[in-house]
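Colleague: the sequence and its predicted three-dimensional model are supplied below.
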Amino acid sequence: MQRIKSFLIKGSFFTLFLFVSLNPAFASSDNEGGSMSGEHDPTEHLEASCSNVTYGKSVNVESLYANTKTKSADIFGSVVSPNPAGQVIVDLGLHIVELTKVDEVTNTFNIEGFMDLVWCDPRMAYEVENGEELSERILLKDKAQALLNEIWWPAVTIANQVNGRNIENQELVILSDGTIEYKEKFSAELEAHYDLKKFPFDRQKLEIEIESFAWHDEVLLFQMNEEKIGFSNDFEIAEWHIEKVESKIESVKGIQDRASFSEFLMEIVVVRQYEYYLWKIITPLIFLVIVSWSVFLMIGEKLADRLRFSMIGILTIVSFQFIISDILPRVSYFTLMDSFLSISFFIMLLTMFESVYVNNLDLVEESAQAKKLDMVSRIAFPVLYFVSLATLALIFFL
């Protein structure tokens, strides 16, 4: 009887052991994350990770490339797309940490930032070794670049860069399911197209255009990784204020391109801080023009004395034009500042001509007529000047 009880107890434990071992519900709890060795996949929420794309779920490389002329042995390390049947989805993140320079003379601006790319290449999947805690392999700097030279990758470039971007650091993370994440810290000088018509009350749109150098949109499609797209607010740009930053994905085709390309576009709208020009150039010049009208009160003065006031104002305007010309490029159109300086110059030139005409009236003994002209000028010149400035403002801002 005792032997029968012992046999039944042992049989119960054995049955329970088999049930736990063979039941999928219990087996999956011990291997959560598949090949992640119990670690959570940090990219599983991204559309481009192997856990989310259809071609990433294929474990048979031969079947994946069954309809191609390329053998699987030739695939690894080549530049053949990891999804020959469709598009490779690439999640892209861009975080700008600093906008270091906005140069209207050279039509450029400089940025520093971080770029992040995630895509799936099932050919890069590998078995997790026993006892390995993390199912990821990390390559840095030269080793990362060396592997990128041998495998398929998005081959991104900044389309509007003046020279090649300076890559300060690189990191390549390869997960065991074939998901690849590429990170870099970079700086670059980019081309911009400035509209300076409203200078110095202008706003400019700075664009960062990222696209693949090699793969058109039938092969590669960018998706925005919202978590890693942003703009740092921890710095200030001299003379500029950042108004807003927007990002989008669009399809573009250049004249030199054989097909359209998927492009990530970040638009940074900056507004010029006009206070320097308002208080250092515009306001002093307005007061200088007003002071020049004092010649209308110099009744009976010699021509040389009246012209002296007008010439000082004219020379001051010319010096301001030289200052502005060093700040701005030699554009073919008139800016708001150019128009303001021209109006001020014209009014002061008219003041000088009025003084010459009044002097001629005195010479022919028409003093009464000269005094009358001065009195009319005291009202006409301010009205003409300020109406001209108001009209100028309406033309540029309405």
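Modeller: On my side now, so go ahead. Quick caveat: nothing in here was measured; it's all calculated off a predicted structure. Numbering: from 1, shown residues only.

Colleague: count the neighbours of residue 235 for me.
Modeller: Burial measure for residue 235: 12 neighbouring residues, criterion other CB atoms under 10 Å. The C-beta positions use only the backbone N, C-alpha and C, and glycine is treated the same way.

Colleague: low pLDDT regions in the stretch 51-200 of the chain?
Modeller: Applying pLDDT under 70 to the stretch 51-200 of the chain flags the ranges 56-78, 130-134.

Colleague: quick one, strands of it?
Modeller: Assigned by DSSP state E, counting those that start in this stretch, the stretch 51-200 of the chain shows strands spanning 88-103, 108-120, 136-140, 156-158, 166-175, 179-191.

Colleague: which stretch among the ones you listed comes nearest residue 210?
Modeller: For residue 210, the closest of these is strand 156-158, at 5.7 Å, according to CB to CB.

Colleague: which elements pack onto the closest one?
Modeller: strand 203-212 (3 or more CB pairs under 8 Å, 6 or more residues apart in numbering; DSSP states H and E).

Colleague: that older thread, tell me the most buried of the strands of the stretch 51-200 of the chain?
Modeller: Of all the strands of the stretch 51-200 of the chain, strand 108-120 has the most neighbours on average by mean count of other CB atoms under 10 Å, namely a mean of 22.

Colleague: and that one, which strands flank it?
Modeller: Take DSSP bridges as the rule and strand 108-120 pairs in its sheet with strand 88-103 (antiparallel), strand 179-191 (antiparallel).

Colleague: columns distance to residue 339 on top of the ones you listed, output as CSV?
Modeller: Shown next, in CSV, are these (distance: least, CB to CB, whole Å):
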stretch, distance to residue 339
strand 88-103, 23
strand 179-191, 27
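
Colleague: how about these, which one is nearest residue 381?
Modeller: Closest to residue 381 of the strands paired with strand 108-120 is strand 88-103 (CB to CB; 38.5 Å).

Colleague: may I have the closest one as PDB, with CA atoms only?
Modeller: What follows is strand 88-103, C-alpha atoms only, in PDB (Å, rounded to 0.1, in the frame of the first residue of the first chain):
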ATOM      1  CA  VAL A  88      12.100  49.300 -46.800                       C
ATOM      2  CA  ILE A  89      10.600  51.400 -44.000                       C
ATOM      3  CA  VAL A  90      13.100  53.600 -42.200                       C
ATOM      4  CA  ASP A  91      12.200  55.400 -39.000                       C
ATOM      5  CA  LEU A  92      14.100  58.700 -38.900                       C
ATOM      6  CA  GLY A  93      14.700  61.000 -35.900                       C
ATOM      7  CA  LEU A  94      16.400  64.300 -36.000                       C
ATOM      8  CA  HIS A  95      17.200  66.400 -32.900                       C
ATOM      9  CA  ILE A  96      18.800  69.800 -33.500                       C
ATOM     10  CA  VAL A  97      20.900  70.800 -30.400                       C
ATOM     11  CA  GLU A  98      22.200  74.100 -31.800                       C
ATOM     12  CA  LEU A  99      21.800  76.500 -34.600                       C
ATOM     13  CA  THR A 100      25.200  78.200 -34.500                       C
ATOM     14  CA  LYS A 101      25.100  80.700 -37.400                       C
ATOM     15  CA  VAL A 102      22.700  82.300 -39.800                       C
ATOM     16  CA  ASP A 103      24.600  84.100 -42.600                       C
END
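
Colleague: distance from that strand to the middle of the chain?
Modeller: Taking CA atoms, centre = their mean, to the nearest Å, the mean C-alpha location of strand 88-103 is offset from the chain mean by 6 Å.

Colleague: equivalent analysis for stretch 96-109, please.
Modeller: With CA atoms, centre = their mean, you get 10 Å for stretch 96-109.

Colleague: again, but for stretch 113-124
Modeller: Per CA atoms, centre = their mean, the displacement of stretch 113-124 from the mean C-alpha position of its chain is 21 Å.

Colleague: can you check stretch 201-218 too?
Modeller: Put simply, stretch 201-218 sits 8 Å off its chain's centre (CA atoms, centre = their mean).

Colleague: which stretches in this structure count as helices?
Modeller: Using DSSP state H, the helices of the chain run over 2-22, 24-29, 61-64, 72-75, 141-148, 275-277, 283-292, 303-327, 336-363, 367-397.

Colleague: please identify the deepest-packed of these.
Modeller: By mean count of other CB under 10 Å, these have helix 336-363 as the most buried, with a mean of 18.

Colleague: who are the packing partners of it?
Modeller: When contacts are defined as 3+ CB pairs under 8 Å, 6+ apart, helix 336-363 packs onto helix 283-292, helix 303-327, helix 367-397.

Colleague: tell me which of the strands paired with strand 108-120 sits nearest to residue 167.
Modeller: When the strands paired with strand 108-120 are compared by CB to CB, strand 179-191 sits nearest residue 167, at 5.0 Å.

Colleague: now the angle from that closest one to helix 141-148?
Modeller: Between strand 179-191 and helix 141-148, the angle comes out at 110 degrees (axes from the mean of the first three to the mean of the last three CA atoms, to 10 degrees).

Colleague: now do the contacts for the nearest residue to residue 350 once chain neighbours are set aside.
Modeller: Spatially, and ignoring its direct neighbours in sequence, residue 350 is nearest to residue 381 (7.2 Å; CB to CB, 6 or more residues apart in numbering). By CB atoms under 8 Å, 6 or more residues apart in numbering, residue 381 lies in contact with 293, 296, 347, 350, 351, 354.

Colleague: which one of the residues you listed is nearest residue 390?
Modeller: Nearest to residue 390 among those, with distances taken as CB to CB, is residue 347, at 13.8 Å.

Colleague: so that closest one touches residue 289, yeah?
Modeller: Yes - Residue 347 is within contact range of residue 289, at 5.8 Å (criterion: CB atoms under 8 Å).
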